[in-house]
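S.K.: here is my input, please return the structure:
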Amino acid sequence: MQIAEGKVVAIDYVLKDDDEKLLDQSKCDQPLIYLHGHKNIIPGLESALLGKIEGENFEVRVAPTDGYGETNPELEQIVPRDRFQGVESLEVGMQFQASTDQGPVSVRVIKIHDNDVTVDGNHPLTGIHLNFSVKVRSIRE
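M.R.: Numbering: from 1, shown residues only. Take a look at the predicted model:
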């Protein structure tokens, strides 16, 4: 059986950046399971999986436009330190949910300078090429 729209697919994967840094991977005996053709995974990986068969191994490099998108500088913002009430030890890399007019948004602290905190609302994997090593474990209706 080949991967096609509407099939339930289980894959093992390893994700690295262009410097070979490990970004993510499926856990042993816990494959990623998704419904193909319904935008449940990034577009570049989903299109690379189309037509693959059970047991097939392959590698694919996904450009930012087919992954998590390009970095949007407008999603970086400097906010006053006092907006982080109840957080005693604020550190770069911490993630928070920010309330916006469009609803909640995840942000990461990327810089702290005196009483100014720079947060980034971009996904941590925006703007980078994603290098996947994939094994198709199963395909079913």
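
S.K.: the residue most central in space within the chain: what's it in contact with?
M.R.: The centre of the chain sits closest to L125, judged by CA atoms, centre = their mean, with a distance of 5.5 Å. Contacts for L125 were tallied using CB atoms under 8 Å, 6 or more residues apart in numbering; they are 23, 67-68. Backbone N, C-alpha and C define where each C-beta goes, glycine included.

S.K.: compare those and tell me which is most surrounded.
M.R.: Highest neighbour count within the contacts of L125: G67, with 22 neighbours (other CB atoms under 10 Å).

S.K.: pretty sure it contacts I42?
M.R.: Yes. Look at G67 against I42 with CB atoms under 8 Å: they come within range, at 5.0 Å.

S.K.: intersection of neighbour lists for the two?
M.R.: Joint contacts of G67 and I42 (CB under 8 Å, 6+ apart) are L130.

S.K.: sorry, back to before: sitting in strands, which of the contacts of L125 do you find?
M.R.: Residues of the contacts of L125 located in strands (DSSP state E): L23.

S.K.: and which of the contacts of L125 is nearest K135?
M.R.: Ranked by distance to K135 (CB to CB), those are led by L23 at 17.4 Å.

S.K.: and that closest one, how far is that from H129?
M.R.: 11 Å (CB to CB, to the nearest Å).

S.K.: where in the chain is the helix or strand with the lowest mean pLDDT?
M.R.: Lowest by mean pLDDT, DSSP states H and E among the helices and strands of the chain is strand 95-100, with a mean of 88.

S.K.: good, wrapping up.
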